[in-house]
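Participant: Structure of the sequence below:
(one chain, ligands or ions: 1)
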Amino acid sequence: MTYTATGKLPPQTDHAAQALDLAAENQALRARMAYLLEQAERNHSIMTRHQAFDLDIVGAGNFPELVGTIFRVLPIISELDSVTLTLIDEDADIRHVMAKLDVVFEDFPDLIFAEDLDALGFDLGRRNAYSAAPKPLLGMYDPLRHARPFPNAPAGLQSVALVPLLRNRRIIGSLNLGSCDPTRFTPSLGTDFIEHMASIIAICLENVISNEMLKYIGLTDSLTGVYNRRYIDRRLLEEIARARRQSYPISFMYIDIDHFKRVNDTVGHGGGDEVLREVAGRIKNELRASDALARFGGEEFVVLLIDANLDSAAFVAERIRASVAGNMITLSPELQLSVTVSIGVACLNPGEAEGDAEVIARAWIARADELLYEAKESGRNRVVSVSGKAA
Ligand SMILES: Nc1nc2c(ncn2[C@@H]2O[C@H](COP(=O)(O)OP(=O)(O)OP(=O)(O)O)[C@@H](O)[C@H]2O)c(=O)[nH]1
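Facilitator: All right, here's what the predicted structure looks like:
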């Protein structure tokens, strides 16, 4: 605004200047409005994407689906350069159960398991059940300090947020977010949004892990920890279909502990249970990770061997027989027991897998059972893979 020597503007100049001021103010307001609108639209779009993400993770049917969705979708919708997940797994129960349910951990390189809370790096003070929940840690990325939450940090990572995953005040892990933008996660940033997101992820993780645990319990034999009959019945059908598609042989072993009634009579039912556990362990030691061992009931075990012809399955069976018979089972320093097993082995070659999988499975199990019977008849402590011929 320009002034005369008297300090007053001529009236017409006064009006023009005021109009100019108003126009500038108007323009600034419009620009501000446009900016706010753009922000509102961006926030709306982020909210919409996050709502879709929430629905996706709430609907995840199993553990791999859930963590897969988090790793795949969250970096995109939240415009992040790295997302990792740390889960507290003190006794490796989660890893054990997931491995049993065929989860392939190599598929999730950003899934980290920690043995204890300290490994998460939060300020926990002296925590008890009533302690306030720890706050997310936001700040600059430090390759040394953040080596555990970001084992595969992308080049140029600048700022990170470590967000505790809480269920009923219990810390079950942390959601770790990383950005190449140094201003993305600063200690002064509000954390309501990421805490809310972490709380939904924590609920979904807890649900899915509990469901997987239940599934595992339903598919395993509580005495020996190997699979149960229900699991093997289902797996047989899947493997018959796969063997048919991929044209490879699969083999089935029926294993029975010899004179187990005598074992029970000698060492009692508790001792018998211990023998069952030991035999299961010895069988397992001779198998590949892809083979499935189950207790069929009583003193009977079965093994499903993938991509194994009759000769190689009979070879593994012989190793199992020798491993059980080779060393006495120690029940106590004073009580050792010699135990043997008899084994029937039947193979399903690619051409034989055609037709109804259930009918094939039944006939195949029956065949292995007949061969087991021959092994028993011909003296026990032996493997029979071909009728009339003891190995
Ligand atoms: N300790 C224990 N014993 C079991 C369990 N389930 C079944 N048994 C026992 O396993 C024994 C099986 O005996 P039989 O079927 O007669 O066979 P066997 O004595 O092993 O004789 P062969 O198979 O002919 O060599 C019975 O005594 C059952 O009570 C279990 O979970 N724990």
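Participant: How about the residues of the protein by the ligand?
Facilitator: 223, 256-261, 264, 269, 272-273, 276, 298-299, 376, 380 (Cβ under 6 Å from any ligand atom). Yep, even glycine has a C-beta here, placed from its N, CA and C like the rest.
Participant: Check which helix or strand Arg242 maps to.
Facilitator: Using DSSP states H and E, Arg242 sits in helix 229-246.
Participant: What are the contacting residues of that helix?
Facilitator: Helix 229-246 has contacts (Cβ atoms under 8 Å, 6 or more residues apart in numbering) with 218-220, 227, 249-250, 252, 292, 294-297, 302, 304, 306, 348, 350, 353-354, 357-358, 360-361, 364-365.
Participant: Of those residues, keep whichever come out buried.
Facilitator: Buried subset of the contacts of helix 229-246 (neighbour count, 16 or more other Cβ atoms under 10 Å): 219-220, 227, 249-250, 252, 292, 294-296, 302, 304, 306, 348, 353, 357, 360-361, 364-365.
Participant: Next, give phi and psi for Ser251.
Facilitator: phi -130, psi 160 (degrees, to the nearest 10).
Participant: Name the nearest residue to it, ignoring sequence neighbours.
Facilitator: Leaving aside its chain neighbours, Ser251 sits nearest to Ala313 (3.4 Å; criterion: Cβ to Cβ, 6 or more residues apart in numbering).
Participant: So which elements touch the host helix or strand of that neighbour?
Facilitator: In the assignment (DSSP H and E), Ala313 maps to helix 310-326. When contacts are defined as 3 or more Cβ pairs under 8 Å, 6 or more residues apart in numbering; DSSP states H and E, helix 310-326 packs onto strand 250-257, helix 260-285, strand 300-305, strand 341-348, strand 383-386.
Participant: roughly how far is that helix from the heart of the chain?
Facilitator: Here helix 310-326 shows a centroid-to-chain-centroid distance of 32 Å under the convention Cα atoms, centre = their mean, to the nearest Å.
Participant: so it versus strand 300-305, what angle?
Facilitator: Using axes from the mean of the first three to the mean of the last three Cα atoms, to 10 degrees, one finds that helix 310-326 and strand 300-305 are set 140 degrees apart in direction.
Participant: What's the PyMOL line that selects buried ones from the residues of the chain next to the ligand?
Facilitator: Typed into PyMOL, the line below selects the buried ones among these, using 16+ other Cβ under 10 Å:
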select buried, resi 256+257+258+260+264+272+276+299+376
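Participant: List just the nearest of the residues of the chain next to the ligand to Glu206.
Facilitator: Taking Cβ to Cβ as the measure, Glu206 lies nearest Leu223 of the residues of the chain next to the ligand, at 28.2 Å.
Participant: Just list the residues touching that closest one, thanks.
Facilitator: Contact analysis of Leu223 by Cβ under 8 Å, 6+ apart lists Asp273, Leu276, Arg277, Arg295.
Participant: pLDDT added to those, as TSV?
Facilitator: Output for the contacts of Leu223, formatted as TSV (pLDDT from 0 to 100):
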residue	pLDDT
Asp273	97
Leu276	98
Arg277	97
Arg295	97
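Participant: Next, count neighbours for the nearest residue to Leu162 once chain neighbours are set aside.
Facilitator: In this structure, Leu162 finds its nearest non-sequential neighbour in Leu137, 4.4 Å apart by Cβ to Cβ, 6+ apart. Around Leu137 there are 22 other residues, counting by other Cβ atoms under 10 Å.
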